[in-house]
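> Okay, sequence plus prediction incoming.
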There are 2 protein chains.
Amino acid sequence: MNNSTNIQIKEQTLEAAYHCWLQYNKLDSSIEEHYQTYCETLVFLDHSQIIQAAKEELVQGITSMIHPPSVHAVPLEKPSIVLATYENNQLKDYGINTTVLDHLQEDSYLIQTITYKNHHTIAIIGKQDKGVLYGAFHLLRLMQMRENLNELAIIENPSNQIRMINHWDNMDGSIERGYSGDSIFYKDYEFIHDIKRIKDYARLLSSIGINSLSINNVNVHKVETNLITKEMLPSVAEIADIMRCYGITTYLSVNYASTIEIGNLPTADPLDKDVQQWWIEKTKEIYQHIPDFGGFIVKADSEHRPGPFTYNRTHADGANMLAKALEPFGGLVFWRCFVYNCLQDWRDRKTDRARAAYDHFKPLDGEFMDNVILQIKNGPMDFQVREPVSPLFGALQNTNHVLEFQVAQEYTGQQKDLCFLVPQWKEVLDFDTHAKGEGTTIKSIVDGSQFDLTYSGITAVSNIGNDMNWTGNTLAQANFFGYGRLIWNTDLTSEEIANEWVRITFGHDDEVVSTITKMLLHSWEIYENYTAPLGVGWMINPGHHYGPNIEGYEYSLWGTYHFSDCFGTGVNRTIKDGTGYTSQYYPENTSLYDSIETCPDNLLLFFHHVPYRHQLKSGKTVIQHIYDTHFLGVEQVQDMIQKWKQLEQNIDSYRYKNVLDRFNMQLENAIEWRDCINTYFFRHSGIQDEHSRLIY
Amino acid sequence: MNNSTNIQIKEQTLEAAYHCWLQYNKLDSSIEEHYQTYCETLVFLDHSQIIQAAKEELVQGITSMIHPPSVHAVPLEKPSIVLATYENNQLKDYGINTTVLDHLQEDSYLIQTITYKNHHTIAIIGKQDKGVLYGAFHLLRLMQMRENLNELAIIENPSNQIRMINHWDNMDGSIERGYSGDSIFYKDYEFIHDIKRIKDYARLLSSIGINSLSINNVNVHKVETNLITKEMLPSVAEIADIMRCYGITTYLSVNYASTIEIGNLPTADPLDKDVQQWWIEKTKEIYQHIPDFGGFIVKADSEHRPGPFTYNRTHADGANMLAKALEPFGGLVFWRCFVYNCLQDWRDRKTDRARAAYDHFKPLDGEFMDNVILQIKNGPMDFQVREPVSPLFGALQNTNHVLEFQVAQEYTGQQKDLCFLVPQWKEVLDFDTHAKGEGTTIKSIVDGSQFDLTYSGITAVSNIGNDMNWTGNTLAQANFFGYGRLIWNTDLTSEEIANEWVRITFGHDDEVVSTITKMLLHSWEIYENYTAPLGVGWMINPGHHYGPNIEGYEYSLWGTYHFSDCFGTGVNRTIKDGTGYTSQYYPENTSLYDSIETCPDNLLLFFHHVPYRHQLKSGKTVIQHIYDTHFLGVEQVQDMIQKWKQLEQNIDSYRYKNVLDRFNMQLENAIEWRDCINTYFFRHSGIQDEHSRLIY
C-alpha cells in the first residue's frame, strides 16, 4: 500500500517534469465553473491533419483540466468552442468578421468571444489550419493562466515568419553542446523511432509557435552525411510526418562535400555541372520522400567543414548551387555565416575573429538567390554571456537572413547554472543598428520589414535531449518556452514570459511564482557577475566550455584572446589603433563603441584594452568592479539556493530536487569562477581588493 | 630492374631503422681480417636456452659482419671463441682463472683473450648462462665498435641487480604515454602473438643488460585485470617463454582490487583472510603457467587507482599481503611510491605534492616484507625536464627499493623533440644525498650497497612501440640503449654512451659520429632552454603533455603550480615560510636548497618564489634569463636542423627523413614554447627584453 503510493507520487512528479508547460492540471472549482460551459462542446468546422492535432490537444487539455468535452463537426446551438479556418463559409453564420486576417501572415489567428444564437461562444479562427492549432494552444494557455474567457478579442500575428530550432544531434546519440541527455531521434547510428516522444516534442514546439526544425548537427559527420540517401530518408520522413501534423517543416543539415562522400564525384565545386546535377537529382529524391521538405542547413568553410573555398568559389556560388536544386520545390538553404579562421596565430594582433562574418558576407550582399537565407549568430563571436550585436545585421540589405540564438547554454552554464536567456535575447532584438536611421532595431530587420526580405525570422540551437524533463535543469525549460514565445511576439517583455512560464509550469502559488520569476529574471546578470567580466568573454575551459580557465584560450588558434597583462586587460577593437572592428557598425554605433568615454561598461573589455585602474561609468575601477561582481555573484547564487529551499513544500519532489542539485553544482562552479578570476586579476594587477576579502 | 633496386634500398633502410644498435653491418676488409681468425670457430662448452640465444646471436652477428662461423661443443685446437659458464670443468684446460667471478653478481662475466694450445682464443665466461649471453653481446658490440680483440681482459659486473623496464601498454593496443605507435604485445584487447617481433625486442633488451620486464600498464584497466586469469595466462606465458631465453624475467601490473573485480569477493582489504587466500591461490595459478614469474607491479591509491587506503590500511599492509602470496615462489612486489593527492585545491598553499612520496612512505620504512620493493620516481613530481632528486632516497634505509626513470619522453618532447636523457639520469645517480655522510650518492643507494638491500636496482618506463624503428624518432633509440648501458654500469659517462650508440647505430663516419654525439649531449639542455625555466616545471598542456600551456595546470587539481604574478614567480618550498619540502633532505641539501643564496640556478623556481629582477648566479636577472634561454633554445634547434641536413649523404634515407621530420616538428614546438613563455612573462612582469627582440 505504502509502496504503491510512493511509486505513484514518484511517477506523477516525473510526469510533471516531462510535461513542461503543458501540465493541464485539474482546475480549482471556482475557475472550473467559469470555463465549464464553453468547454463542454467543441465544434470543428474544418478538417486537416493539423486541425486533428488541435482537436486532440484541446480534448486532452480540457479533459485533464475539467472533464471530457463532446466534439462535433457542425454548428450547435449551445455554448461551445468553435474552430475553423478563415475561409470557411459557415463562419458567416457566426457573424465573425475575419477581414482582419486578410493581410496577416499565414500563421495568424484570432480568438474571440461571441454570441451565437444567444449562446456565448469562443471562436478560434486561423488564417490556415496552423493558425487553428496555434489558437487552440493559446486558449489552453489562457485557461492554464486562469484568464477570464468572457470577453476575448485576440488577434495574433507572429512577429517572425520563420521560427526555427536547429538540433545539433549526432546519430551516435550524442548531442554537440547537449546538456540534457542524449538525442531523442538517434542512438548508436540508428533512428530510435520513439513516435510518442517525438510527437510530444512536436506538441511542445507547436505550443510556442515553432514552425521549422532541423534534426541533425550542422557539423555533419560521416554517418549523418547519409541522411539524404534512400536508406535513411524513410526514417527522416517518419519524423517529418509527425512534425507536419503540428505545422512544423523538417530540415536537414547537409555535408557540403556530399558529392564526394556519397556521390562518387571527384569534386564538390559548385560550378561543376556534375555537382549541380547531383544535387538536383538528390533533391528530387528527397522530395519524393518528404513532399514538404524544408531544405538544407549548411555550415561550410567553417571549423574544418568543407565548403566552396576549396574550389576558389564564393559562399554565394556554394549556396546558390544548392538553392537552384531546391527552388522547384520551394525549398530553402540556410547558409551559416559562422565563418572565421579557426587556425589563427595568437601572435597575429591584426586578425580579429569578431570581424569575420561581416568581412566574409557583407561583400556578397545581393549575390544570393532568393531561397538562400544567411544564418547569422546574434553576436560576432560565439554565444558568449555578453557580446555586442553582430554588425552584419543592418549591413545585409539585399539578402534574406535569419538571426541565430542558442537556447542550449553552451557558454552560459550548461543547464547546470541557471541562466534565463530571454533578457539577453531581448537586448539583441531591441538593439538599434541605425541602418536606416534611428529605430532600425534588430527585431525590425529580422522580421523582414526593414529591408522587405522574402524570407526572414529567427532560429536557435535546441536545448533539449532525452532527459525526463527534456532540458537537464527543469528551469531551463523556461529558455525553450521563452525562445518560442519571444520570437512569436518580440514585444513581449521578459517579465511577461517568465511569469507565464512559471504559472503554467509550477502553478499559481504566490511565493512560487514570485520567487522563481525573480530568479529567472536575475539569473543572466548573476551568471555574468561570476564569469568573464565586462564583455571580454572566453575565460572558459576550452573544449567543453564549462568552468573557468582564464588563459585557456589565450595562446590558442581560435581567435579568442583578452591580452591581460600587468597593466590592464581587454581587446582593442577601435579604428585608431585596434582591429577596426568598430567600423563595421553604422556611424552612431561606431562612435558609441569606438570611444572609451561612451562605450557601455558591460562591453568595455570587448572593445578596449584598459588599465586596471580605469574608472567605469559606475564610478568603480575595472579591478574593483571585477572583485565586487565576483564576490557578489557567489552570494547571489547562495541566496537563490536559500530561496529555492523555501519552496520545498510547494513543488513536487522530483522537480524540486532536480533544480536543487543543479543549484548546488552552480554554487561550486560560481565559487571556482570567483576565485580563479579574482586570483588571476589580483596576481596580474597586484592591486588589493578595497574590502580586503579573501583572494588566493 | 630499376624498380626492384629501389625496393631493395627501401627495405634495407627500413631494416636499419628496425635493427637499432644491432646492425651487424659488413666490416671493412682491414678489420675483417683481424677478426676473421677468432670468428671462424665458436665453441660452446655449456648448453641452456640462454646459451642457445647467445649462440644464435653470435652466429647471426658474425655471419652478417664477416662470414658464417662453424659451431662446436668441444674444445678445438684452433683460434676460436669459447663460451662457458663459470663452473664448467673444461675451463681448467684453458687455464682461465675465474675466481674473480666468485664474489660478483650472478649476471657477471669476463671476456679474455688467451692462448690455448698455442692458438689465440677469446673466452667468454659467465657466472651463469646469462653472463655468457651478456658476454656474447659485449663481444659483438666490441666488433661493431671495431675494437682490437687481441688483448681483451674484461670483467663486467652490473652496477645494479634489478635492471627493469615497465611497459605502460594497454590491451586495446594503445600505450599510455607512448609516442612510437601502438603496443607490440596487444591489439583490440587480444594478444598479437608476434613472436618474431617480441624475440627481436628481447634481443635488444638483453643486448643492453635488461633482466626484468613488466608488460602491461600500471593503470590496470578492466580488461587488463584479467591478465592473471586462466584465459589469459597462457598468452602471458608465451611472452615469458621468449623473454626467459634472453635472461629476462616477466612481471605483470595487477589491479589492487582484483579480488573484487574478478575474485567475486566483496572487499580488497589486505587484512581480510579471504582476500589473502584469494591472492595465495591466484599466485599459485600464475606460477603453474610461468614457473619463473617475476611478480607484481602495483600502483595503488594513486590517481584514482584502488588501494589499501579504502580499508584504512597502510601501503605496508597492502604490499605485504601480496608479498606473502609471492614469497614461496621467490616472487617480488614492486609497489610504486607515486602517491599524492590528485584532487588538490589550488587555493590550498600548504599542501605540496612534492612532499607526498616522502610523507607517505618514510614513516613506513622497515614495515615491508623483504620481497617488497618500493619503486620511487627520480624526482618528487613527475619526470619533468628538471627536478631535484626525490628525498626518499637516503631516507628509506630498511626497505628494498628501486629508482624509476622514464625513457618515454612524456614531458621531454614525446620523441618528436630530441632529448637524450642519459645526462639527466647521470645527474640523478651522482647526486649526493649525504644520508651516510658525504658521498652517499643515489647510485650507491639504488645499487643496494649503502643500506645492504636484498633487492635493489633501477626501473624505467619503456619508450618503444610498434613503429618500424621502435621509438618514433630514430634518435630516441639512444635513450633506450643509454638507459640499459647506464644502469648496467653507472660509471659510464654520457659521452661514452652517446659515442658508442652513434657508432654502432650509424657507423663510423667521423662527421656523423661527431655531429650526432654532440646533438645528443646538448639536447636536454636545449629542450630545457625553450621550455619551463629554472626548474619550475608543469607549464605544459594538461592531459597530453606536449607543447606549452603556461597556466594550464595553475588552477587545477593536480598540485602543480608556479604562482606567477606581476611581481615574481616560483614555488616557495622553504622551511621558514614555504611548504617545508626542503626539510625532507639531509641537512647539507636542506640548507643548499633552502637558502636562496646557495640554491642552484637551475632549480631556483622549484624551491623559491623570486622577483623577476632577482639576480641569478649567472649574473642575469630571472626575467632576462627566461628571455635569453628561450631565444637561444630556438636558435639551437635551428642549428641542429642545419647540422642534420649536412648528414643527408651519410645516412640512409629512411632514418635521415624520419629524424628530419621530427626536427621540423621540434622547431615548431620550440617556437611555440619560446613565444608563449616570453609573452607570458613579459605580460606579467612588464619588463622589456634588454636586447629588444620580438616578444608578442
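Received it, and whenever you're ready, just let me know what you need. None of the values given here were measured: they were computed from a predicted structure.
> Up against chain B, what does the stretch 451-600 of chain A have?
Within the stretch 451-600 of chain A, the residues that sit near chain B (CB under 8 Å from any CB of the partner chain) are A:548-552, A:555, A:563-567. Every residue, glycine included, has its C-beta placed from N, CA and C.
> In PyMOL, select just the buried ones from those.
In PyMOL, a selection of the buried entries from these looks like this (16 or more other CB atoms under 10 Å in any protein chain shown):
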select buried, chain A and resi 548+549+550+551+552+555+563+564+565+566
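> Around the nearest residue in space to A:Ile51 that is not next to it in sequence, how many other residues sit close by?
Leaving aside its sequence neighbours, A:Ile51 sits nearest to A:Asp129 (CB to CB, 6 or more residues apart in numbering or on different chains; 5.0 Å). Neighbour count for A:Asp129, taken as other CB atoms under 10 Å in any protein chain shown: 23.
> For A:Asp129, give its distance to A:Ala136.
11 Å (CB to CB, to the nearest Å).
> how about the nearest residue to A:Val298, chain neighbours excluded?
A:Trp335 (5.2 Å).
> Which element, helix or strand, includes that neighbour?
For A:Trp335, the host element (DSSP states H and E) is strand A:332-336.
> Which helix in chain A has the most residues?
The single longest helix within chain A, with elements called by DSSP state H, is helix A:653-685.
> wait, A:Pro79 sits on A:Gln36?
No: contact criterion CB atoms under 8 Å: A:Pro79 and A:Gln36 do not qualify, at 9.1 Å.
> residues in contact with A:Phe368?
Taking CB atoms under 8 Å, 6 or more residues apart in numbering or on different chains, we find A:Phe368 in contact with A:316, A:319-320, A:323, A:335, A:374, A:399-400.
> The residue in the stretch 251-400 of chain A that chain B sits nearest to: neighbour count?
Closest residue of the stretch 251-400 of chain A to chain B, CB to the nearest CB: A:Arg347 (4.4 Å). The tally of other residues near A:Arg347 (other CB under 10 Å) stands at 14.
> neighbouring contacts of stretch A:494-505?
A:20-21, A:23, A:141, A:144-145, A:420, A:422-423, A:426, A:477-478, A:481-482, A:485-486, A:512-513, A:516-517, A:520-521.
> Kindly report the residues of chain A close to chain B.
So chain A meets chain B at A:346-347, A:349, A:548-552, A:555, A:563-567, A:675-676, A:679-680, A:682-686, A:696 (CB under 8 Å from any CB).
> any weak-confidence spans in chain A?
A:1-12 (pLDDT under 70).
> quick one, what contacts A:Leu647?
The contact partners of A:Leu647, by CB under 8 Å, 6+ apart, come to A:511-512, A:515-516, A:656.
> which pair in the residues you listed spans the largest distance?
Greatest spacing in the contacts of A:Leu647, by CB to CB: A:Glu511 and A:Tyr656 (13.4 Å).
> which of these two has more neighbours?
A:Tyr656 (18 against 12).
> Against which helices or strands is the helix or strand hosting A:Asp359 packed?
Assigned by DSSP H and E, A:Asp359 falls within helix A:356-361. Helices and strands touching helix A:356-361, as assessed by 3 or more CB pairs under 8 Å, 6 or more residues apart in numbering or on different chains; DSSP states H and E, comprise strand A:372-377.
> Can you name the next helix or strand after the strand it packs on?
Past strand A:372-377, the next helix or strand by DSSP H and E is strand A:401-406.
> just to revisit the earlier point, show me whatever sits in contact with both of A:Asp129 and A:Ala136.
Shared contacts of A:Asp129 and A:Ala136, counting by CB under 8 Å, 6+ apart, come down to A:Ala54.
> What residues does A:Val659 make contact with?
A:473-475, A:644.
> Give me the secondary structure label for the nearest residue to A:Ile280 once chain neighbours are set aside.
Among residues not flanking A:Ile280 along the chain, A:Ala325 sits closest, at 4.6 Å (CB to CB, 6+ apart). Under DSSP: H, G, I helix; E, B strand; the rest coil, the three-state class of A:Ala325 is helix.
> wait, isn't A:Ala325 in contact with A:Trp279?
Yes: with contacts counted by CB under 8 Å, A:Ala325 reaches A:Trp279, the gap being 4.1 Å.
> for A:Gln624, phi and psi?
phi -70, psi -30 (degrees, to the nearest 10).
> Now it: closest residue in space that isn't a chain neighbour?
A:Glu690 (5.7 Å).
> sorry, back to before: next step: the contacts of stretch A:494-505 restricted to helices.
Going by DSSP H, the helices hold A:141, A:144, A:422-423, A:426, A:477-478, A:481-482, A:485-486, A:512-513, A:516-517, A:520-521 from these.
> Show the contacting residues for the nearest residue to A:Tyr94 once chain neighbours are set aside.
Nearest residue to A:Tyr94, sequence neighbours excluded (CB to CB, 6+ apart): A:Tyr116, at 5.3 Å. Each residue near A:Tyr116 by CB under 8 Å, 6+ apart is listed here: A:75, A:77, A:82, A:93-95.
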